[in-house]
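Student: Sequence plus the predicted model coming up.
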Amino acid sequence: GFPWVMIGSVLSAWLKDESLSRSAIGLFGAIFAVYSFNFLWAPLLDRIKPLALGQRRGWIGQMQLLIIGCCVWMSTLDAQSSLYQIALCGFIIALSSATQDIAIDAFRIDTIAQHETDAMSAASSLATAGWWTGYGGLGAIPFLVADLPGWEWQHIYLLLAAIMSLCLMATLVVAKEPDVNRQAMLDAATARYQALLSAGDSLFGKISSWLLVSLVEPFREFFSRNGVKLALQILLFVFLFKIGEAFLGRMSIVFYKEIGFSNSDIGTYSKLLNWWVTIVFSIIGGLVNIRYGIFRGLFIAGIAMAASNLMFAWMAEIGPHKGWFVVTIVLDGFTSAWSTVAMVAFISLLCNRAFSATQYALMASLSVASRTLLASASGILVDAMGGNWALFFVLTALMVIPSLVILYRLRHNITAIEKGNSAR
């Protein structure tokens, strides 16, 4: 979650202070589109093993090094004269972060045995709490520092690089590489494609089968295991579920600043308070999923997300009231945590451990697509409404309805998948 701070809330606040328009800031969010396509190179993380640290930790460590370097680069740039360079830095951070996400998610899935569905929900809640520790907890630091005398946004990027260095140290020292035997399935798939190509052990056969196993087999296995119709319904649900939250989140910092909250207010309430709320309710959300199942967890979370968006609509009407801000942040953190835990557990449940990086990345990138490609138009939508924030937030609340209709149609399938994994 921490790299999202670098190219999300911090970058938005920096550009806002440099007097860029809402539409321009919203379009800058197109950098996040990288997260929507990380499934394209995810197969490389399943097949290519770095020279050091192992299959998962090696990729995580290398990406963290790239992020640190880009933060140092951004600390040397001026927003008025170097927008293209800032955009390039943001793109590289997004690319590295998206790749890091693939490796971290695969690390989590590989660590939990497939039949341990309860452990999968618990791990999902901890993953969500960890993501929000980076995004909310560590993400509060730049806003608390920004109002101090002598601090510019460029200096803050050096601070972000230093914090990211601590994350790299944790990867090197604390994390332990999971032990997964995926080779048998990979060998079987390789033999099948070599027979299909009638190329045997020739160089062409080896290269072609390697590419097919890396790029085609994870998707073929997913659609074959679930059936084409069910697989497409699952992917459509994943794409639509958090679209309303995405539109809100993309413009939240701009909204807070426009109605009169200071950087310190944003850091204290939107970041620090939201961090604690999310951590607490992530754990609770994991327990709810264990007790009632993933379908009920997702459905209730969807309704709650819509309700919390309506709270923002009311705040748009009453202005910068700190008491209402706290109430809204608490409810929003609760619904965001619950929905994220349920979604992460749901996607993890659908993955084959032989292709965990690729299959998780495919579904996660679809979820991110609604938060990047579509939500990048959020600023344009607000401008088209004449800056009517209340109406904007009402529309974001209604955006969850299509996904809930699909989810209800999938209820029996989700329950069957849960029971099937538990029986293994």
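Tutor: Sure thing, it's come through. Numbering: from 1, shown residues only.
Student: how near is I329 to F237?
Tutor: 27 Å (Cβ to Cβ, to the nearest Å). The C-beta positions use only the backbone N, C-alpha and C, and glycine is treated the same way.
Student: Specify the next element, helix or strand, located C-terminal of the helix or strand of the chain with the lowest mean pLDDT.
Tutor: Ranking every helix and strand in the chain by mean pLDDT, DSSP states H and E puts helix 22-28 at the bottom, with a mean of 68. Per DSSP states H and E, the first helix or strand lying C-terminal to helix 22-28 is helix 42-47.
Student: so what does that following helix touch, helix or strand wise?
Tutor: Secondary-structure packing of helix 42-47 (3 or more Cβ pairs under 8 Å, 6 or more residues apart in numbering; DSSP states H and E): helix 55-74, helix 83-111, helix 203-215, helix 217-226, helix 356-369.
Student: which outside residues touch that helix?
Tutor: 55-56, 59, 99, 102-103, 106, 182, 210, 213-215, 218, 354-358, 360-362 (Cβ atoms under 8 Å, 6 or more residues apart in numbering).
Student: likewise stretch 256-270?
Tutor: With Cβ under 8 Å, 6+ apart as the criterion, stretch 256-270 contacts 13, 16, 140-144, 146-147, 252-253, 315-316, 319-320, 322, 325-326, 329, 387, 389.
Student: ok, 6 Å please
Tutor: With contact meaning Cβ atoms under 6 Å, 6 or more residues apart in numbering, stretch 256-270 is reached by 16, 140, 143-144, 146-147, 319-320, 325, 329.
Student: could I get the helix or strand hosting A140 in CSV with only the CA atoms?
Tutor: Using DSSP H and E, A140 sits within helix 138-146. Once non-C-alpha atoms are left out, helix 138-146 reads as follows in CSV (Å, rounded to 0.1, in the frame of the first residue of the first chain):
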residue,chain,number,x,y,z
LEU,A,138,2.8,5.4,6.9
GLY,A,139,0.8,7.5,4.4
ALA,A,140,-0.1,9.9,7.2
ILE,A,141,3.5,10.9,7.7
PRO,A,142,3.9,13.0,4.6
PHE,A,143,0.8,15.1,5.4
LEU,A,144,1.8,15.6,9.0
VAL,A,145,5.2,16.8,7.8
ALA,A,146,4.0,18.9,4.9
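Student: Out of the helices and strands packed on helix 42-47, which one sits most buried?
Tutor: Most buried of these by mean neighbour count (mean count of other Cβ atoms under 10 Å) is helix 356-369; its value is a mean of 25.
Student: Tell me the helices and strands packed up against that helix.
Tutor: Counting contacts by 3 or more Cβ pairs under 6 Å, 6 or more residues apart in numbering; DSSP states H and E, helix 356-369 packs against helix 42-47, helix 83-111, helix 217-226, helix 228-240.
Student: can you redo the contacts of stretch 256-270 as TSV with distance to L395?
Tutor: Listed next are the contacts of stretch 256-270 as TSV, based on distance: Cβ to Cβ, whole Å:
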residue	distance to L395
K16	22
A140	29
F143	27
L144	32
A146	31
D147	32
G319	21
P320	22
F325	21
I329	21
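Student: Can you tell me which of those residues are buried?
Tutor: The neighbour count (16 or more other Cβ atoms under 10 Å) marks 16, 140, 143-144, 146, 325, 329 as buried among the contacts of stretch 256-270.
Student: Could you let me know which of the contacts of stretch 256-270 ends up closest to F2?
Tutor: Ranked by distance to F2 (Cβ to Cβ), the contacts of stretch 256-270 are led by A140 at 11.5 Å.
Student: Dump whichever strand or helix holds N289 to PDB, keeping only the CA atoms.
Tutor: For N289, the host element (DSSP H and E) is helix 274-292. Written as PDB, here are the backbone C-alpha positions of helix 274-292 (Å, rounded to 0.1, in the frame of the first residue of the first chain):
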ATOM      1  CA  ASN A 274      -8.500   5.500   8.900                       C
ATOM      2  CA  TRP A 275      -5.400   3.300   9.400                       C
ATOM      3  CA  TRP A 276      -6.500   2.200  12.900                       C
ATOM      4  CA  VAL A 277     -10.100   1.700  11.900                       C
ATOM      5  CA  THR A 278      -9.100  -0.400   8.900                       C
ATOM      6  CA  ILE A 279      -6.700  -2.600  10.900                       C
ATOM      7  CA  VAL A 280      -9.300  -3.300  13.500                       C
ATOM      8  CA  PHE A 281     -12.100  -4.000  11.000                       C
ATOM      9  CA  SER A 282      -9.900  -6.000   8.700                       C
ATOM     10  CA  ILE A 283      -9.400  -8.500  11.600                       C
ATOM     11  CA  ILE A 284     -13.200  -8.400  12.300                       C
ATOM     12  CA  GLY A 285     -13.900  -8.900   8.600                       C
ATOM     13  CA  GLY A 286     -11.700 -11.900   8.500                       C
ATOM     14  CA  LEU A 287     -13.600 -13.400  11.400                       C
ATOM     15  CA  VAL A 288     -16.900 -12.700   9.800                       C
ATOM     16  CA  ASN A 289     -15.800 -14.400   6.600                       C
ATOM     17  CA  ILE A 290     -14.700 -17.500   8.600                       C
ATOM     18  CA  ARG A 291     -18.000 -17.600  10.400                       C
ATOM     19  CA  TYR A 292     -20.500 -16.800   7.700                       C
END
